[in-house]
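Visitor: coordinates for the following, if possible.
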Amino acid sequence: MNRDRTVRLRWIGWVLTSALPLVLVTGCGTWEKQRGAEIDRPAKSVARLTVDVRPDRPAQPGRPITVTVSDGRLYAVSLTGPDGKPVPGGNAAGDETWSNFEPLEYRTTYTLTAAAVDAFGLTATRTETFTTLTPDAERHVDSVLPEADAKVGVGMPISVTLENPVTDPAQRAEVEKRLQVSASTPVEGAWGWVDDKTVRYRPREYWPVGTRVSVATSLLGVDFGNGVYGGPGKPVGFEVGDSLVATVDSAAHTMTVKRNGTDLKTVPVTTGKSGFTTRSGTKVVLGKAPHVLMDGTTVGISANSSDGYRLDVSWATRVTWSGEFLHAAPWSVNAQGSDNVSHGCVGMSDENAKWFYDQVKVGDVVTVVNTGDAKTMEPFGNGYGEWNLDWSQWLTHSAAGAATTRQL
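Guide: Reported below is the predicted structural model:
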C-alpha cells in the first residue's frame with residue numbers, strides 16, 4: 001500500500017470515528033447533537049488550510065514550504081514542479097502540518113494542492129502556484145574527498161572544499177546542514193571547519209567496518225547574502241573497508257599492525273632521530289606510491305649538510321603533507337628494532353615495507369607513540385589530524401553541531 005493511500009485511509013478512519021457519536025446520539029442517523037449541544041451539519045468544510053507561499057513573492061528554496069490546517073486533519077498534499085514529479089514531504093506530529101523534505105530548485109514554478117477533512121467528513125482543498133527566486137550568482141562545492149566509489153579506511157574524514165570562502169557562522173551552519181551525510185550504519189558525527197573554504201566531517205569514533213556512506217553536495221537554498229545562493233550538486237558515495245590500524249612505538253622500535261582488531265604482524269622499525277623526531281599522535285594515510293624521490297632540501301635541509309639526502313625510496317606510504325612516510329629503508333636495517341636514525345619517517349626493511357604497502361589503503365590509521373618529544377601531529381594543515389582532537393574539541397570547530405547520520 002502506498003503512502004498516499006495509507007494517509008488517506010487513516011484520515012477517513014479518523015473522520016468516521018469522530019462522526020460516529022454524532023450519528024448515534026439520537027439514533028436517527030442525523031447530525032443533531034454532540035455532547036449535549038445542538039449542531040447543524042455545515043454546508044461546507046470547517047477545516048481551514050494555510051500555505052506559507054505568496055504568488056507575488058518568489059519563494060526561497062532553502063525554506064520548506066509548510067501547509068497547516070486548523071479544525072481538521074490533512075488528507076493529502078501534492079507539491080509538483082513543471083515535470084509533474086512530486087517533491088518529497090510529509091506530515092508532522094498530529095498531522096496538522098506538512099512540509100517538503102528536499103529543497104526546491106531556483107527559477108522554477110511549482111503547484112501545491114492540499115486537502116483537509118473536518119469532523120463532519122467534509123473536505124476543504126486549496127491550490128497555490130508559486131515561483132522560486134532567481135539568484136544573482138551561485139556558489140558550489142568545488143571538490144569532495146574521498147572520491148566517488150572509493151574504498152577507504154576507518155579513519156577517513158569527508159573533506160569538502162568550497163568555491164568561495166565562508167566566514168559567517170550562520171552561513172557555515174547552513175552549509176553543514178546541506179552537506180547531509182547518510183550511512184548504512186548510522187553514526188554520530190559533525191562537520192568542522194579546517195579553513196574558510198574547507199569543511200570536514202568525522203564520526204565521533206572510527207567508521208564501522210563495511211559502512212556505505214553518501215554525502216550530499218547540493219547547497220541549494222543557502223543564502224550567502226547580496227543575491228548569492230548555493231548551487232546544486234550530486235551526492236558522492238564511498239565505502240569503508242576493513243579496519244587497519246598501525247601503532248608505531250618509537251621507544252620499542254616496533255610497528256604492530258592490526259586488522260579488524262586482530263594482530264597481523266609486528267615488525268622492527270626506525271623512527272626520527274633527535275632533531276628530526278617523528279610526530280607523535282594519530283595520522284591517516286593520505287596516499288602511497290611504489291617509488292618516491294625524497295630530497296632533504298624540500299624540508300629545509302641543505303644539500304651540503306651532513307643530514308642532506310636525495311634518495312629514490314620504495315614502497316612509500318604517506319601520512320603528512322610535510323613529508324612523513326612509512327617506507328623501505330634498506331640502508332638502516334641494522335638500526336631497525338634498536339635505534340632511531342631517520343629524518344622523521346618510519347623506516348623498514350624492503351620486505352616489511354612491501355608487506356605493509358600491500359595491506360594499507362587511504363584512510364587507514366597510523367598512530368605513533370613514545371617518541372619522548374613534544375612534537376605532535378597537527379590537527380589541521382598537515383594531513384588528516386582531526387583524530388588528535390577529542391570530541392568536545394572537535395565540536396568547537398562546528399557551526400551546526402553533532403547529528404546522527406541519516407539511514408542509507
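Visitor: which parts of the stretch 251-400 of the chain are helices?
Guide: 350-359, 391-395 (DSSP state H, counting those that start in this stretch).
Visitor: winner for burial among the ones you listed?
Guide: helix 350-359 (a mean of 18; mean count of other Cβ atoms under 10 Å). (Glycine included, C-beta is placed from N, CA and C.)
Visitor: which stretches of the chain have low pLDDT?
Guide: 1-39, 92-94, 296, 302, 306, 308 (pLDDT under 70).
Visitor: at the geometric centre of it, which residue sits there?
Guide: By Cα atoms, centre = their mean, the chain has its centre lying nearest to residue 181, at 3.0 Å.
Visitor: and that residue, backbone torsions?
Guide: When read as degrees, to the nearest 10, the backbone of residue 181 gives phi -100, psi 130.
Visitor: picking that back up, minimum distance to residue 103: which of the helices of the stretch 251-400 of the chain has it?
Guide: When those are compared by Cβ to Cβ, helix 391-395 sits nearest residue 103, at 25.6 Å.
Visitor: the closest one packs against which elements?
Guide: strand 188-193 (3 or more Cβ pairs under 8 Å, 6 or more residues apart in numbering; DSSP states H and E).
Visitor: direction included, what does the strand it packs on pair up with?
Guide: Sheet pairing for strand 188-193, assigned by DSSP bridges, gives strand 198-203 (antiparallel), strand 403-404 (antiparallel).
Visitor: so which of those strands is nearest residue 76?
Guide: So among the strands paired with strand 188-193, strand 403-404 is nearest, using Cβ to Cβ, at 30.4 Å.
Visitor: next SSE downstream of the closest one?
Guide: Note on strand 403-404: by DSSP states H and E, the next helix or strand toward the C-terminus is strand 406-407.
Visitor: does anything pack onto that following strand? Which helices or strands?
Guide: Short answer (3+ Cβ pairs under 8 Å, 6+ apart): strand 406-407 packs on strand 181-183.
Visitor: mind listing what the strand it packs on pairs with, with the direction of each?
Guide: strand 212-215 (antiparallel), strand 406-407 (parallel).
Visitor: sorry, back to before: out of the strands paired with strand 188-193, which one sits most buried?
Guide: Highest mean neighbour count of these: strand 198-203, a mean of 22 (counted as mean count of other Cβ under 10 Å).
Visitor: which of the helices of the stretch 251-400 of the chain sits closest to residue 249?
Guide: Taking Cβ to Cβ, helix 350-359 is the member of those nearest to residue 249, at 15.0 Å.
Visitor: helices of the stretch 51-200 of the chain, residue ranges please.
Guide: 169-178.
Visitor: tell me the buried residues in stretch 338-345?
Guide: Residues of stretch 338-345 classed as buried by neighbour count (16 or more other Cβ atoms under 10 Å): 340, 341, 342, 343, 344, 345.
Visitor: quick check, distance from it to the centre of its chain.
Guide: Once both centres are worked out by Cα atoms, centre = their mean, to the nearest Å, stretch 338-345 turns out to sit 38 Å from its chain's centre.
Visitor: next, the distance between the ends of it.
Guide: Stretch 338-345 has an end-to-end distance of 15 Å (Cα to Cα, to the nearest Å).
Visitor: got the CA coordinates for stretch 101-119 in PDB?
Guide: What follows is stretch 101-119 as a C-alpha-only set of coordinates in PDB (Å, rounded to 0.1, in the frame of the first residue of the first chain):
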ATOM      1  CA  PHE A 101      11.900  17.200   2.800                       C
ATOM      2  CA  GLU A 102      14.100  18.400  -0.100                       C
ATOM      3  CA  PRO A 103      14.900  22.000  -1.200                       C
ATOM      4  CA  LEU A 104      13.300  23.400  -4.300                       C
ATOM      5  CA  GLU A 105      15.000  24.400  -7.500                       C
ATOM      6  CA  TYR A 106      15.700  28.000  -8.400                       C
ATOM      7  CA  ARG A 107      13.700  29.900 -11.000                       C
ATOM      8  CA  THR A 108      11.000  27.100 -11.100                       C
ATOM      9  CA  THR A 109       7.300  27.300 -10.900                       C
ATOM     10  CA  TYR A 110       5.600  24.800  -8.500                       C
ATOM     11  CA  THR A 111       2.000  23.800  -7.900                       C
ATOM     12  CA  LEU A 112       0.800  22.900  -4.400                       C
ATOM     13  CA  THR A 113      -2.500  21.200  -3.800                       C
ATOM     14  CA  ALA A 114      -3.600  20.400  -0.200                       C
ATOM     15  CA  ALA A 115      -6.800  18.800   1.100                       C
ATOM     16  CA  ALA A 116      -8.000  18.500   4.700                       C
ATOM     17  CA  VAL A 117     -11.000  16.800   6.200                       C
ATOM     18  CA  ASP A 118     -13.100  18.000   9.200                       C
ATOM     19  CA  ALA A 119     -15.000  16.200  11.900                       C
END
